[in-house]
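Asker: sharing a sequence plus its predicted fold:
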Amino acid sequence: MEKTGNTFEELVQLKDSGEIGWREFIRRQLEMEDDYYHWCVENDLDMNEDTAEAFMTLTEEHVVA
């Protein structure tokens, strides 16, 4: 799968339609992928769908706050 090439809005649409999961959503955004990687390392977490969803929830809370 392609790492880049989709706009954020396109990724949201792909996620909402079920074509990609949170892990792929993050993977396709280089800066977010880097942040997610470091967050997983710092918290001794595996990089998988569950932790990707938790990271997105945490990220969203910071953006909204």
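Answerer: Right, received. Where do you want to start? The structure displayed is predicted, hence computed values, not measured ones.
Asker: chain neighbours aside, what residue packs nearest to R27?
Answerer: Of all residues not flanking R27 in the chain, E33 sits nearest, at 5.7 Å (Cβ to Cβ, 6 or more residues apart in numbering). Heads up, the C-betas are built off the backbone N, CA and C, glycines and all.
Asker: would you indicate which residues of the helix or strand containing the one you found are buried?
Answerer: Using DSSP states H and E, E33 falls within helix 30-42. Across helix 30-42, burial judged by 16 or more other Cβ atoms under 10 Å covers 32-33, 36, 39-40.
Asker: which secondary structure elements does it contact?
Answerer: helix 22-27, helix 49-64 (3 or more Cβ pairs under 8 Å, 6 or more residues apart in numbering; DSSP states H and E).
Asker: just name the most buried of those.
Answerer: Most buried of the helices and strands packed on helix 30-42, by mean neighbour count (mean count of other Cβ atoms under 10 Å): helix 22-27, with a mean of 19.
Asker: now that one: average pLDDT?
Answerer: Averaging pLDDT along helix 22-27 gives 97.
Asker: begin at 80 from now on, thanks
Answerer: That works, and once the first residue is 80, the last one we named lands at helix 101-106.
Asker: no more questions from me, cheers.
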